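> Sequence first, then the predicted structure, then my questions.
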Amino acid sequence: MGRRPDGVDSITESLLSSGESLTAPIKTVKEKWRLLPAFLKMRGLTKQHIDSFNYFLNVDIKTIVMANNRITCDADPAWYLEYKDIRIGRPNVDLQEAAGVSEPITPQQCRLRDMTYSAQILVDIEYTRDKPGGGGQKERVVKYNHCIGRMPIMLRCSHCELTGKSDADMAVMGECPIDSGGYFVVRGTEKVILIQEQLSKNRIIIEKDNKGNASACVTSSTARSKTRTNIILKHGKFHLKHNSFTDGIPIVIALKALGISSDQEAVQLVGSEPEFADEFAASLEEAGSVTWNGNSQVHTHYWWQAHPSPPHSSPIRPPHNLPIHPSTHPPTD
């Protein structure tokens, strides 16, 4: 790829030759293809793989572990194990002749020796155990850099031995300087993880179902759990579906369970314009067939009892401020 004496490369020169500004809108697909060489030069084909894996190693794995970092014994809460920190080490291999001793390894060595290019998963833990000779007393033990397993390392990621190496260093290590990385070496074989397209998390997405009716869905994801909620149109009435419910809940009943006291307040939340009120009228009429007796939360709880959750889902619990007799409380696992 050539470069003029004034520092302008051939890609920029071809874009400037059209007489348009570099910030001008790109109108046709043919013109967009002219940007492809510049994109490959700046980002390459594997940068998204490497950036995603770097985020997992440095941020995501810590978030996942810290969300479930304490394990307590059900019989005696004084017995526990708690993860204080987790990190990934540098790629290495354990020496068979010396237990507990390891040495650094490169991807080329793993290819030649049919090994996996991996690193140790190290954690700092705290746990309780019986005190030796303590007559049943317990003591607290803290361990640092305790290995709980190994993780394959992606080539050219932040933990790879090739990161930051010059062309000369790469040649000494038996690697190609123009290899962009983004793959793994598992038992001597190069393997790549294909990109999977997923819907955005924690965003409300409006779409049409297979019957052509509009619906809204959101996938709520945290480090601890992931749930999916849908609002669908069924026989002209809005229903809320959740993965912990067997059937959909009328949306007005769900709103009243959240503390909405009147139909007028529900309409104002949805939209008081005539077209919105007309679409919402059937849902209000459906909820109006239920006798609330001034306590919407109690009757919503009764409705939930009539539509129990599946056996393997989280039990539906009433609001925390709902006074219910123990005999009417929903069954829990």
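All right, it came through fine. Predicted model, so just to flag it, every value in this text is computed and none were measured. Numbering: from 1, shown residues only.

> Break down the protein into its helices, ranges please.
When secondary structure is read from DSSP state H, the chain shows helices at 10-16, 29-33, 36-42, 47-55, 61-67, 107-113, 167-172, 251-257, 263-270, 274-288, 296-306.

> Tell me which residues of the longest one come out buried.
Applying a neighbour-count criterion of 16 or more other Cβ atoms under 10 Å, one finds E279, F280, S283, L284, E286, A287 buried in helix 274-288. For glycine as for every other residue, the C-beta is placed from the backbone atoms N, C-alpha and C.

> for the fourth one, same thing?
Within helix 47-55, the residues that qualify as buried are H49, I50, S52, F53, N54, counting by 16+ other Cβ under 10 Å.

> Let me see the contact set for the nearest residue to the fourth one once chain neighbours are set aside.
Nearest residue to F53, sequence neighbours excluded (Cβ to Cβ, 6 or more residues apart in numbering): M154, at 4.6 Å. Taking Cβ atoms under 8 Å, 6 or more residues apart in numbering as the definition of contact, the neighbours of M154 are H49, I50, F53, C160, G181, G182, Y183, F184.

> Save those as TSV, and put in distance to V142 too.
What follows is the contacts of M154, written out as TSV (distance: Cβ to Cβ, whole Å):
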residue	distance to V142
H49	37
I50	34
F53	30
C160	31
G181	37
G182	38
Y183	38
F184	33
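
> Let me know the closest of those to I253.
For those, the residue nearest I253 by Cβ to Cβ is F53; the value is 44.6 Å.

> Would you confirm that the closest one contacts C157?
Yes - proximity of F53 to C157 meets the contact threshold set by Cβ atoms under 8 Å, at 5.1 Å.

> Burial check on M42, number of neighbours?
As a burial measure, M42 scores 8 neighbours (other Cβ atoms under 10 Å).

> Repeat that for H242.
Look at H242: counted by other Cβ under 10 Å, it has 18 neighbours.

> do you know how far it is from N213?
As defined by Cβ to Cβ, to the nearest Å, H242 lies at a distance of 19 Å from N213.

> Would you map out the domains in this structure?
Under the assignment automatic domain parsing, the domains of the chain span 47-191, 205-328.

> any chance of those in TSV, plus mean pLDDT and distance to L36?
As requested, these are exported to TSV (pLDDT from 0 to 100; distance: least, Cβ to Cβ, whole Å):
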stretch	mean pLDDT	distance to L36
domain 47-191	91	15
domain 205-328	72	29
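
> Distance to I26 added to the ones you listed, as JSON lines?
JSON lines is the format used below for these (distance: least, Cβ to Cβ, whole Å):
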{"stretch": "domain 47-191", "distance to I26": "21"}
{"stretch": "domain 205-328", "distance to I26": "27"}
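
> K27 is nearest to which of these?
Nearest to K27, of all the domains of the chain, is domain 47-191, at 26.5 Å by Cβ to Cβ.

> how long is the closest one end to end?
One end of domain 47-191 to the other measures 16 Å (Cα to Cα, to the nearest Å).

> For it, what is the distance to the chain centroid?
The chain centroid and the centroid of domain 47-191 are separated by 20 Å, computed with Cα atoms, centre = their mean, to the nearest Å.

> before we move on, what about stretch 229-238?
For stretch 229-238, the distance between its averaged C-alpha position and the chain's averaged C-alpha position is 27 Å (Cα atoms, centre = their mean).

> Stretch 221-234 now?
13 Å.

> Only C-alpha atoms, please: export it in CSV.
Output of stretch 221-234 as CSV, limited to C-alpha atoms (Å, rounded to 0.1, in the frame of the first residue of the first chain):
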residue,chain,number,x,y,z
SER,A,221,-29.2,-9.7,32.5
THR,A,222,-27.0,-9.4,35.6
ALA,A,223,-24.0,-11.2,36.8
ARG,A,224,-26.3,-13.4,39.0
SER,A,225,-29.2,-14.2,36.7
LYS,A,226,-30.9,-13.5,33.3
THR,A,227,-34.6,-13.2,32.7
ARG,A,228,-36.8,-12.4,29.7
THR,A,229,-40.0,-10.3,29.8
ASN,A,230,-42.5,-9.9,27.0
ILE,A,231,-45.6,-7.8,26.5
ILE,A,232,-47.8,-9.3,23.9
LEU,A,233,-51.2,-8.6,22.3
LYS,A,234,-53.6,-11.5,22.9
